[in-house]
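> below is the sequence, then the predicted model.
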Amino acid sequence: MIVPPRGARLYTDVGGLLGDEGRLTVRKAWIVATAAVGAALSFVMLLVVGVYMVAGNLANGIGGGSVGLAKGSVPAAYQTLVQKWGNLCGAINPALLAAQLYQESGFNPNARSPAKAEGIAQFIPGTWATHGVDGDGDGDRDVWDPNDAIPSAASYDCQLASYVKDAPGNVTENMLAAYNAGAYAVIKYGGVPPYKETRNYVKTITTLAKSFAAPVTRVDPSKQAAAAITYAQKKLGTPYLWGGNGTSDQGGRFDCSGLTKAAYESVGVTLPRVANDQYNAGPHPRRSELLPGDLVFFSDDPTDSRAIRHVGIYVGGGYMIDAPRPGAVIRFDPVDTPDYFGATRVTEDGAKALPTTV
């Protein structure tokens with residue numbers, strides 16, 4: 001059952017992007033930013049512990065990371081929602097979100113408890129009034145509609161994670177404990193509180209999550225990918241320049257594909273110059289298979305790779321480093337936006353590790 005925490009929910013919008021052809025477009029980030037604080041912490045961790053650690057999972061294998069759903073584990077009607085919103089922040093993953101929904105309602109969108117908890121995510125009315133979101137953008141927040149309730153459950157999880165981010169212990173376990181006992185109890189006890197019900201809840205959800213997760217053969221990101229990201233990290237804060245290749249006469253500035261080309265050139269991988277050609281420089285991992293170092297692409301036409309107009313370097317946790325547009329600087333940006341097109345793995349060892357069906 002979802003009970004109210006202390007605090008409020010924030011949203012972040014991201015502005016326009018300029019691609020290699022100089023076409024400016026506006027894209028909405030659709031990111032629930034538990035964000036403002038949590039993302040800043042993630043960036044510091046990326047820089048300190050190394051981006052290749054992030055791909056392995058900041059939550060020690062429980063939350064976050066690239067986790068797919070086991071075939072048939074979630075009703076087909078909800079699988080896409082759970083996969084998408086389960087990647088909202090590093091404290092959760094699709095399998096964990098699925099485990100919560102199963103535990104709360106058995107995936108029944110019409111579930112109603114004696115305590116008046118409602119819907120597939122079992123929000124009580126007071127909590128829904130504060131934390132329900134319009135997940136499908138139809139202008140209505142409906143607790144009985146999984147298109148709203150599932151995104152609301154994920155964003156609520158991420159908000160709780162932001163409340164207890166400074167508590168000792170595992171961020172995912174602390175988030176689940178806050179979900180059950182409240183954030184104050186987690187902060188008070190410095191982690192999962194010594195309540196039998198809460199500890200059982202944390203154990204139940206983390207155990208259930210394993211049964212919803214697809215078996216994955218993981219490979220550590222290559223040294224080349226890690227070094228390319230390090231190159232891009234060193235350029236953070238550099239002003240954007242359309243057509244920029246980072247040369248001295250250009251003041252060391254880049255556009256989007258100029259940055260990705262230079263980053264991989266620094267480790268001996270030669271890429272084409274423009275973004276839509278870089279898309280064809282290797283095999284294409286699914287969103288759930290992304291590893292740090294993969295190139296991520298954005299387009300106004302989801303059916304045509306020639307319409308790709310922006311590229312960044314994935315760094316883990318749902319973020320990339322990119323040179324976004326004139327007037328901006330090289331920075332971290334979210335990957336999961338409406339114009340996300342796909343990804344390419346350009347390192348030879350990483351490409352060999354992808355399933356041959358991709």
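Cool, the structure landed. This one's a predicted model, so the numbers in the text were calculated from it and none came from an experiment.
> what's the burial count for Ala178?
26 (other Cβ atoms under 10 Å). From N, CA and C alone the C-beta is placed, and that goes for glycine too.
> pull the contacting residues for it.
By Cβ atoms under 8 Å, 6 or more residues apart in numbering, the contact set of Ala178 is 5, 160-161, 163-164, 185-186.
> and if you look at Asn276?
Shown in contact with Asn276 (Cβ under 8 Å, 6+ apart): 20, 297, 305-309.
> so how far is Lys116 from it?
Separation of Asn276 from Lys116 (Cβ to Cβ, to the nearest Å) stands at 53 Å.
> how close does the nearest residue to Ala213 once chain neighbours are set aside get to Glu289?
In this structure, Ala213 finds its nearest non-sequential neighbour in Ala95, 3.7 Å apart by Cβ to Cβ, 6 or more residues apart in numbering. Look at Ala95 and Glu289: by Cβ to Cβ, they are 15 Å apart.
> neighbour count for these two, which is higher?
Neighbour totals were compared for Ala95 and Glu289, and Ala95 leads with 27 against 18 (other Cβ under 10 Å).
> next helix or strand past whatever helix or strand the more buried one lives in?
Using DSSP states H and E, Ala95 falls within helix 94-105. Once the chain leaves helix 94-105, the next helix or strand it forms, by DSSP H and E, is helix 125-131.
> just checking, what packs against that following helix?
helix 146-163 (3 or more Cβ pairs under 8 Å, 6 or more residues apart in numbering; DSSP states H and E).
> output the contacting helices and strands for the helix it packs on.
strand 31-32, helix 35-49, helix 76-85, helix 94-105, helix 125-131, helix 171-181, helix 183-189.
> repeat that with 7 Å
Under the contact criterion of 3 or more Cβ pairs under 7 Å, 6 or more residues apart in numbering; DSSP states H and E, helix 146-163 touches helix 35-49, helix 76-85, helix 94-105, helix 171-181.
> just the mean pLDDT for the longest one, thanks.
For helix 35-49, the mean per-residue pLDDT is 38.
> and the shortest one, by the same measure?
Throughout helix 76-85, pLDDT has a mean value of 94.
> what are the buried residues along that helix?
Residues 78-79, 81-85 are the ones in helix 76-85 that count as buried (16 or more other Cβ atoms under 10 Å).
> and the angle from it to helix 146-163?
Orientation of helix 76-85 against helix 146-163 (axes from the mean of the first three to the mean of the last three Cα atoms, to 10 degrees) gives an angle of 30 degrees.
> list the contacts of helix 76-85.
Applying Cβ atoms under 7 Å, 6 or more residues apart in numbering, the contact partners of helix 76-85 are 69, 74, 94, 97-98, 107, 146-147, 150-151, 154, 288.
> and which of those residues is nearest Thr172?
Using Cβ to Cβ, Leu97 comes nearest to Thr172 of the contacts of helix 76-85, at 11.2 Å.
> pull the number of nearby residues for that closest one.
If you count neighbours by other Cβ under 10 Å, Leu97 ends up with 31.
> once you drop chain neighbours, what's closest to it?
In space, and not counting its chain neighbours, Leu97 is closest to Gly86: 4.0 Å by Cβ to Cβ, 6+ apart.
> can you check Lys235 too?
Ile330 (4.8 Å).
> wait, what's in contact with the one you found?
With Cβ under 7 Å, 6+ apart, Ile330 has these contacts: 235-238, 254, 259, 321, 323.
> what do you get if the cut-off is 8 Å, keeping everything else the same?
Counted by Cβ under 8 Å, 6+ apart, Ile330 has contacts 232, 235-238, 240, 254, 259, 321-323.
> look up how far Ala129 lies from Glu104.
Taking Cβ to Cβ, one finds Glu104 at 18 Å from Ala129.
> and Leu259, how far is that from Arg325?
Distance, Leu259 to Arg325, using Cβ to Cβ: 13 Å.
> er, Val274 actually
16 Å.
> where do the helices sit along the stretch 201-350 of the chain?
Under the criterion DSSP state H, counting those that start in this stretch, the stretch 201-350 of the chain contains helices at 223-234, 256-265, 275-278, 348-352.
> distance check, the residue nearest to Lys235 against Ser257.
Counting by Cβ to Cβ, the gap from Ile330 to Ser257 is 13 Å.
> now Gln100
The gap separating Gln100 from Ser257 is 40 Å, by Cβ to Cβ.
> domain parsing of this protein, as residue ranges.
If you go by automatic domain parsing, the domain ranges for the chain are 67-212, 223-352.
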